[in-house]
Every structure is written in structure tokens, then in C-alpha cells.
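S.K.: Structure of the sequence below:
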Amino acid sequence: MILSDVARGLFLVTHSGLAMVGLAAAVLNELPAKQAAVAEWLARKYRVAPEPVAALVVEAQVLSKSSKLPANLILAVMAIESSFHPYVQSQAGAQGLMQVMTGIHSKRYEAYGGNMAAFDPRTNMRVGVAVLVDAIKLKGGSMEEGLRFYLGGDAVTDDGGYVAKVLAEQARLNQVAAGVKVPVQ
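M.R.: Next up, the predicted model:
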């Protein structure tokens, strides 16, 4: 039973991931100039393929509209959390692009087929954005306090510079989108 669930989950994740990569190849050439610049810059900085990053940029735009979070904030969280590597897992158990604590947020993954969906890039983004939106609301609408809560709940007293890193990366992405030549180092 468990092996069957794992196999089904792995199929769903790889199938969705491969479909996203194929779609991304077509998308990169059709992105608006600002989004294409952001995708290309992120690909260079994080040493990942530009086509899948382009699909993530597009998804961030979609999620931005529904969540009211800036798309570049969503991308900045992914950059700091996972460096755009969708299969990463932290020692604490956070998984995927946005490093969502799958054990804590397993109910959110039910609509997407279960916890294995944490490694599907689009699903992880959707769940991560929902968690971040809730964190910001819980903290009275403060972006900074919401990001700190996203990092580790109320247990976080010192974020180790996390909030500053996310906001600095968002500012760099905003500059890239505005046409500024931003170094990737």
C-alpha cells in the first residue's frame, strides 16, 4: 500500500514536472520583457535552466494576482529558501521550492494528491504562497513579521537575517524588472 502510494506520488510529481518543463520552453520566448529579464537573471544567479524558471516566473505572476503578494516577493522567498531547487529538503523537514513544512501543512496538500505533491514546483508554490498569506494575516498584515513567522512560527526570535535576505532579493528582482543591470554574485 505504501509503495503504491509512493509510486503514484512519484509519477504525479515527475509527470507534472516534465510537463512544466516542456511548457516552459515555449513560455520563455513569449514572456513580457520584464518577466523574461527576471527569469534569465534568476537562471544565471542560481545556475538553473532558464525554461523552468520562466514557468515559475509565470506562476508567480498568477499567484500574485490571487494572493495580492508581489510576484517578486514570491520569487525571492523561493530564492532564499531553495535556490530554485524543487527537490530540496531541510533537516527540519521543509520541502520543495518554498520549503513548506509538509508535515504541518499536509491538509493543504490533500487537494493536490497528498504530501508527495510538495515536490511538484507549481503545487509547492501554491501551498507556500497560501501559508505565507496566512502568516502575514496572522501578524496583522506586516510583511516582515509574516516572513519571520513563515520561517519558523512563533518560535523564531532571531531570524538570522532571513527577512532582510528575502526583501533584498525582492529589491534586486524589482531592479532587474525595471531594466537595471544587477550583478548575479
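S.K.: quick one: the strands in the chain?
M.R.: Under the criterion DSSP state E, the chain contains strands at 94-95, 100-101.
S.K.: Turn the ones you listed into a markdown table, including distance to Met143, mean pLDDT and mean neighbour count.
M.R.: To be clear about C-beta, it is placed using only N, CA and C from the backbone, and glycine gets the same treatment. Shown next, in a markdown table, are the strands of the chain (distance: least, Cβ to Cβ, whole Å; pLDDT from 0 to 100; neighbours: other Cβ atoms under 10 Å):
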| stretch | distance to Met143 | mean pLDDT | mean neighbour count |
| --- | --- | --- | --- |
| strand 94-95 | 20 | 94 | 24 |
| strand 100-101 | 18 | 94 | 23 |
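S.K.: Columns distance to Pro50 on top of the ones you listed, output as JSON lines?
M.R.: Listed next are these as JSON lines, based on distance: least, Cβ to Cβ, whole Å:
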{"stretch": "strand 94-95", "distance to Pro50": "24"}
{"stretch": "strand 100-101", "distance to Pro50": "25"}
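S.K.: Between the ones you listed, which one is closest to Lys139.
M.R.: With Cβ to Cβ as the measure, strand 100-101 is the member of these nearest Lys139 (17.2 Å).
S.K.: right, so of the strands of the chain, which gets closest to Pro70?
M.R.: strand 100-101 (19.2 Å).
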